[in-house]
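Engineer: All I have is the shape, not the residue letters:
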């Protein structure tokens with residue numbers, strides 16, 4: 001099928017676009033700059049110039065395709081502290097895509113995050129059947145799923161806070177390593193027992209293709225390869241590779257130590273991918289986070 005991909009030149013797009021192309025799909029990738037367009041073309045796709053500030057133009061491009069994968073998100077706004085503005089911009093794009101695809105039966109697969117499950121207060125690993133808690137990107141996720149009632153084969157892939165591989169250049173794994181290197185301490189909050197899921201970028205790419213091709217309308221899927229790693233273990237691995245101490249960071253020093261990550265570093269986010277594996281047949285085949293750290297790519301030239 002002819003597939004329109006937003007965020008085609010980003011971290012996820014750099015794996016998802018080649019995955020789709022290799023499977024025989026004709027991909028059109030959104031690109032907001034000459035550099036992004038060159039990257040998209042290099043992945044074997046056709047570049048379509050535009051950005052998130054032009055929802056109507058994005059919708060027009062989507063209407064000309066047989067399916068849509070929506071990855072783009074304004075991470076610059078998020079990192080600057082204006083997360084609500086990034087969420088609002090994304091929701092505008094979701095609504096525009098919905099108008100373009102309504103009544104067509106075409107697939108729309110949108111990226112979301114597992115951290116949205118934390119505010120639901122589950123007290124157990126989150127599942128694909130669980131709705132996210134209030135705030136954040138949950139409204140956007142719900143808007144995508146609601147399109148199933150308007151004749152769109154819509155689905156959401158929830159992605160862990162750490163998505164790792166050699167393709168990762170600015171993600172949370174790189175950020176935690178950079179913070180540890182800058183401060184001389186690989187830190188974790190409290191006793192470090194809170195858990196984060198993680199996944200290899202190439203395994204995420206495979207799941208997006210499975211969802212595009214096979215996911216029923218109105219469904220959620222979890223790209224959790226590691227379903228929950230204690231933050232203390234992540235910090236210990238980083239500290240060992242950098243040859244620096246590992247330590248608990250007091251609650252009143254989290255902001256000073258972790259910067260923008262302070263708002264999420266203490267969250268407990270164990271996430272099950274059992275339904276995703278059973279229904280879509282998704283099986284991660286690439287290294288988990290700690291094994292990926294052992295390959296050394298994340299730490300080249302840092303010691």
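Structural biologist: Thanks, I have it. Nothing here was measured: the structure is a model prediction, and the numbers come from that model. Residues are numbered from 1 along each chain as shown.
Engineer: CA only for contacts and neighbour counts going forward, please
Structural biologist: Noted.
Engineer: For this structure, which segments count as helices?
Structural biologist: For the chain, the helices defined by DSSP state H cover 13-22, 34-42, 55-63, 75-80, 83-101, 138-146, 172-183, 201-214, 231-242, 254-258, 274-280, 289-295.
Engineer: In the first one, which residues are buried?
Structural biologist: If you call a residue buried by 16 or more other C-alpha atoms under 10 Å, then helix 13-22 has these buried ones: 13-21.
Engineer: so what secondary structure elements neighbour it?
Structural biologist: Helix 13-22 is packed against strand 2-6, strand 26-31, helix 201-214, with contacts defined by 3 or more C-alpha pairs under 8 Å, 6 or more residues apart in numbering; DSSP states H and E.
Engineer: still on that earlier bit, how about the buried residues of helix 13-22 in JSON lines, adding distance to residue 283 and pLDDT?
Structural biologist: Listed next are the buried residues of helix 13-22 as JSON lines, based on distance: C-alpha to C-alpha, whole Å; pLDDT from 0 to 100:
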{"residue": "13", "distance to residue 283": "20", "pLDDT": "97"}
{"residue": "14", "distance to residue 283": "20", "pLDDT": "97"}
{"residue": "15", "distance to residue 283": "16", "pLDDT": "98"}
{"residue": "16", "distance to residue 283": "16", "pLDDT": "98"}
{"residue": "17", "distance to residue 283": "19", "pLDDT": "98"}
{"residue": "18", "distance to residue 283": "19", "pLDDT": "98"}
{"residue": "19", "distance to residue 283": "15", "pLDDT": "98"}
{"residue": "20", "distance to residue 283": "17", "pLDDT": "98"}
{"residue": "21", "distance to residue 283": "20", "pLDDT": "98"}
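Engineer: just to revisit the earlier point, quick one: the helices and strands packed on helix 13-22 as a markdown table, columns for distance to residue 144 and mean pLDDT too.
Structural biologist: A markdown table is the format used below for the helices and strands packed on helix 13-22 (distance: least, C-alpha to C-alpha, whole Å; pLDDT from 0 to 100):
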| stretch | distance to residue 144 | mean pLDDT |
| --- | --- | --- |
| strand 2-6 | 15 | 98 |
| strand 26-31 | 19 | 96 |
| helix 201-214 | 14 | 98 |
